[in-house]
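S.K.: Could you look at this predicted model? Sequence included:
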Amino acid sequence: MRVIDQVKAYGPNRLVKADDVRALLGVLLADKASKGFLTTTSDFAPKLRDDILLKPYMPAQLELINGQVLLARLKELAEKKS
């Protein structure tokens, strides 16, 4: 199993655009990876999850993780360690 995670540390007003996600999908498919994640501290452009090129791959092969979800996951991990 091969997993790719791209992380973008963006400010709250800078959104991840569809081209960035499409680029990750291209790498994912070319490398024959099992799963790809794009994680950002910010959020994704509106309607990106409805993109006709990306939608068939989400969430089975491609998962988008925004700042809110990232923070919740980090808090959950911290609580488990306590």
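M.R.: Good, I have the coordinates. Remember, predicted model here, so these are calculated numbers, not experimental data.
S.K.: Just the buried residues of stretch 57-72, please?
M.R.: By neighbour count on 16 or more other C-beta atoms under 10 Å, the buried set for stretch 57-72 is 57-58, 62, 64-67. For every residue, glycine as well, the C-beta is placed using N, CA and C.
S.K.: Closest one of the residues you listed to Arg14?
M.R.: Using C-beta to C-beta, Gly67 comes nearest to Arg14 of these, at 11.0 Å.
S.K.: Look at the closest one and report its pLDDT.
M.R.: Model confidence at Gly67, given as pLDDT, is 95.
S.K.: Return the distance of it relative to Asp51.
M.R.: Applying C-beta to C-beta, to the nearest Å, the value for Gly67 to Asp51 is 20 Å.
S.K.: Same question for Val27.
M.R.: From Val27 to Asp51 the distance is 17 Å (C-beta to C-beta).
S.K.: Look at those two and report which has more neighbours.
M.R.: Each of Val27 and Asp51 has its neighbours counted (other C-beta atoms under 10 Å); Asp51 has more, 17 against 12.
S.K.: Quick one: residues contacting the more buried one.
M.R.: Residues in contact with Asp51 (C-beta atoms under 8 Å, 6 or more residues apart in numbering) are 18, 21-22.
S.K.: ok, and the closest residue to Leu53 other than its chain neighbours, which helix or strand is that part of?
M.R.: In this structure, Leu53 finds its nearest non-sequential neighbour in Arg22, 6.2 Å apart by C-beta to C-beta, 6 or more residues apart in numbering. For Arg22, the host element (DSSP states H and E) is helix 18-30.
S.K.: picking that back up, can you check the pLDDT for the residue nearest to Leu53?
M.R.: pLDDT, read off for Arg22, is 96.
S.K.: Now do the contacts for it.
M.R.: By C-beta under 8 Å, 6+ apart, the contact list for Arg22 reads 51, 53-54.
S.K.: Show me what the lowest-mean-pLDDT helix or strand in the chain is packed against.
M.R.: When the helices and strands of the chain are compared on mean pLDDT, DSSP states H and E, helix 67-81 comes out lowest with a mean of 91. Helices and strands touching helix 67-81, by 3 or more C-beta pairs under 8 Å, 6 or more residues apart in numbering; DSSP states H and E, are strand 35-40.
S.K.: Perfect, that will be all.
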